[in-house]
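Student: Okay, sequence plus prediction incoming.
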Amino acid sequence: MCEMCRETSLDPHAPSRRTAILLAASTIGLLLGRAAGAKEAKEAKEAKTPPKPQNVLSPDASLERLREGNKRYVKGVSRRHDFKHEREALAGGQNPYAGILSCADSRIAPEYAFDSGRGDLFVCRVAGNFANNDTIASMEYAVAVLGVPLILVLGHDSCGAVDATIKSLKDNTTLPGHMPSLVEGIAPAVKAVSQQGGDTLGKAIRQNVIDNVAKLSSATPILSAAVEQKKLKVVGGIYRLGDGRVEMVS
């Protein structure tokens, strides 16, 4: 009788050496699989954690945060921002809580006006704060990829780009260089208020904000869908150069 047969005959219920090896291998594989699964779950959880969790807000909460930041800025009590640690936290990603379409005017700085830190605002700036293909595409990225819940179109009083457009249309003159593209973008707002009289510049600035809020809100397919699903709100405001207040435009 061979050794294997002798072992089997001594205990008919004992597993064979082959069976034991297979069982051990199966157990090890199961344990390794569980360990790998746990690691993947941990990595997935860490990957989903945004760099700035406090920026995960609803559209209304985002708007309120902008308002509160502007109040601090106007009062001169802006918070001290730890840029060093913010840089480190944002090295691997970003999740801003609002998108801003602002005029390029050097006196308008959205990050200051809303007392925000790095990674808080996704800002696009162009003279006259109007939405063209590039700014719409940028805001689509902010909403679809970064999850931005709010877009603010931010105009300001005494806007030189709007004033230049008014004069260009009134005098039927063409601005030099590439500046006619600015006139083209702002002209609809100027034409809409040109016959109303009074403060044409102030009215055109306001109308320009309103027009671009509507343009962004209805921009298909991404922004309009997000607005319809109530994942995004698009609002307008006017920055007052004298005191830094941002007046919301309905």
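Tutor: Now that the structure is in, tell me what you want to look at.
Student: For whichever helix or strand residue 151 is part of, name the packing helices and strands.
Tutor: Using DSSP states H and E, the element containing residue 151 is strand 150-156. Packing partners of strand 150-156 (3 or more CB pairs under 8 Å, 6 or more residues apart in numbering; DSSP states H and E): helix 59-75, strand 98-102, helix 133-144, helix 200-217, strand 233-239. Glycine gets a C-beta too; all of them are placed from N, C-alpha and C.
Student: and after the last one, which helix or strand comes next?
Tutor: Which is strand 233-239. Remark: after strand 233-239, the chain's next helix or strand is strand 246-249, criterion DSSP H and E.
Student: Paired strands for that next one, with orientation please.
Tutor: Note on strand 246-249: by DSSP bridges, its sheet partners are strand 233-239 (antiparallel).
Student: by how many degrees do the strand it pairs with and helix 133-144 diverge?
Tutor: 120 degrees (axes from the mean of the first three to the mean of the last three CA atoms, to 10 degrees).
Student: With only the CA atoms kept, save strand 233-239 in PDB.
Tutor: Output of strand 233-239 as PDB, limited to C-alpha atoms (Å, rounded to 0.1, in the frame of the first residue of the first chain):
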ATOM      1  CA  LYS A 233     -28.200  79.200 -11.200                       C
ATOM      2  CA  VAL A 234     -27.100  82.100 -13.400                       C
ATOM      3  CA  VAL A 235     -27.400  85.600 -11.900                       C
ATOM      4  CA  GLY A 236     -26.200  89.100 -12.600                       C
ATOM      5  CA  GLY A 237     -24.600  91.900 -10.600                       C
ATOM      6  CA  ILE A 238     -23.100  95.300 -10.900                       C
ATOM      7  CA  TYR A 239     -19.900  96.300  -9.000                       C
END
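Student: can you give me how far that strand is from the chain middle?
Tutor: How far strand 233-239 lies from its chain's middle: 15 Å, per CA atoms, centre = their mean, to the nearest Å.
Student: what's the average pLDDT for that strand?
Tutor: Regarding strand 233-239, the rounded mean pLDDT is 98.
Student: Could you figure out how far it is turned away from strand 98-102?
Tutor: Interaxial angle of strand 233-239 relative to strand 98-102 (the same axes, to 10 degrees): 50 degrees.
Student: for the strand holding residue 151, the distance to its chain's centre please.
Tutor: With CA atoms, centre = their mean, you get 13 Å for strand 150-156.
Student: any idea which helix or strand carries residue 162?
Tutor: Counting by DSSP H and E, residue 162 is found in helix 160-171.
Student: Now do that helix: everything it contacts.
Tutor: Identification of contacts with helix 160-171 by CB atoms under 8 Å, 6 or more residues apart in numbering yields 103, 105, 127-128, 155, 173-175, 179-180, 182-183, 186-187, 189-191, 194, 200-201, 204-205, 208.
Student: From the contact counts, what lies against the helix or strand just after it?
Tutor: For helix 160-171, the following helix or strand on the C-terminal side (DSSP H and E) is helix 180-193. When contacts are defined as 3+ CB pairs under 8 Å, 6+ apart, helix 180-193 sits against helix 160-171, helix 200-217.
Student: Check which residues of the shortest one are buried.
Tutor: Read that as helix 160-171. 161-166, 168 (16 or more other CB atoms under 10 Å).
Student: can you list these in CSV and add distance to residue 139 and pLDDT?
Tutor: Shown next, in CSV, are the buried residues of helix 160-171 (distance: CB to CB, whole Å; pLDDT from 0 to 100):
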residue, distance to residue 139, pLDDT
161, 19, 98
162, 21, 98
163, 26, 98
164, 25, 98
165, 22, 98
166, 27, 98
168, 27, 97
